[in-house]
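Enquirer: Next come a sequence and a model predicted from it.
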Amino acid sequence: MAGLMQPVGPEPPVVYWVRRGALLLVVVTLVLGGWWFLGSRSAATPDTSTEVAAEETEVLEDDGSAATEEALATPAEPTECLDSDIEVTATTDSSTYRVGQQDPILTLTITNVGDVPCFRDIGPKANELEITSGGYHVWSSDDCSTSDESDRTLMAPEKQAVLILTWNSRLSQKGCPDEGKGRKAKAGRYEVVGRNLEVTSDGTPFALSNKKN
């Protein structure tokens with residue numbers, strides 16, 4: 001213990017004290033240098049936890065965007081047409097016909113006026129052309145029809161389905177008791193109305209006349 005406090009050796013004590021001081025200075029320098037080095041590395045190290053969290057958030061946002069784009073890119077399957085998407089018109093090829101000489105040609109037109117394609121039954125079972133006079137039933141395409149056929153068709157926007165038939169100018173009744181051989185219609189004013197399912201057209205007037213056109 002005394003050797004640590006009092007220099008022992010052949011040289012003067014001051015020499016040993018100088019050596020001890022130099023050694024102590026080197027030790028202190030090494031300690032301070034190590035502390036400074038470790039401190040600088042700690043300050044330069046980025047906050048990796050923040051970066052990882054940010055990256056994870058970005059991945060979640062990208063997944064949501066991709067799903068939305070995929071949904072928008074996939075067109076919806078067509079469904080049944082709403083009645084509000086369907087327009088029906090009934091027309092004649094002339095406004096006046098001579099009795100016994102000309103039979104009116106009637107046209108039923110069904111149009112998809114909606115914005116998207118949809119399915120619609122345009123078969124004989126779903127359609128009707130009816131002629132009235134003064135509010136009374138005169139003839140209908142359903143009176144003597146035996147067809148219950150359906151025709152479910154995909155209709156694009158503005159697509160039309162057209163049915164054309166000729167009225168033989170004879171009266172008919174529901175159930176066709178006279179087998180379509182009813183008496184001939186007389187001269188007068190008439191109106192034709194078309195129907196597809198629950199959608200009905202406006203009436204189109206025409207006349208039967210005994211006079212020549």
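Expert: That came through, no problem. Values in this document were obtained by computation on a predicted structure and should not be read as measured data. Numbering: from 1, shown residues only.
Enquirer: Strands of the chain, residue ranges please.
Expert: 86-92, 96-98, 105-112, 118-121, 127-133, 136-140, 152-155, 160-166, 188-196, 199-200, 204-209 (DSSP state E).
Enquirer: Show me what the longest one pairs with in its sheet, parallel or antiparallel.
Expert: This means strand 188-196. Under the criterion DSSP bridges, strand 188-196 sits next to strand 127-133 (antiparallel), strand 199-200 (antiparallel), strand 204-209 (antiparallel) in its sheet.
Enquirer: For it, which residues meet the burial criterion?
Expert: Within strand 188-196, the residues scored as buried using 16 or more other C-beta atoms under 10 Å are 190-196. C-beta coordinates here come from the backbone N, C-alpha and C atoms, glycine included.
Enquirer: Closest one to residue 93 out of the residues you listed, please.
Expert: Relative to residue 93, the closest of the buried residues of strand 188-196 is residue 192; by C-beta to C-beta it sits at 11.2 Å.
Enquirer: so residue 100 makes contact with residue 185?
Expert: No - taking contacts as C-beta atoms under 8 Å, residue 100 lies outside contact range of residue 185: 10.0 Å.
Enquirer: Please parse this structure into its domains.
Expert: When the chain is parsed with automatic domain parsing, its domains come out as 2-73, 83-209.
Enquirer: where does this protein have low pLDDT?
Expert: For the chain, applying pLDDT under 70 flags the ranges 1-75, 213.
Enquirer: Go again with 50.
Expert: Low-confidence segments of the chain (pLDDT under 50): 1-5, 48-60.
Enquirer: can you pull out the helices in it?
Expert: For the chain, helices defined by DSSP state H occupy the ranges 2-5, 13-44, 48-73.
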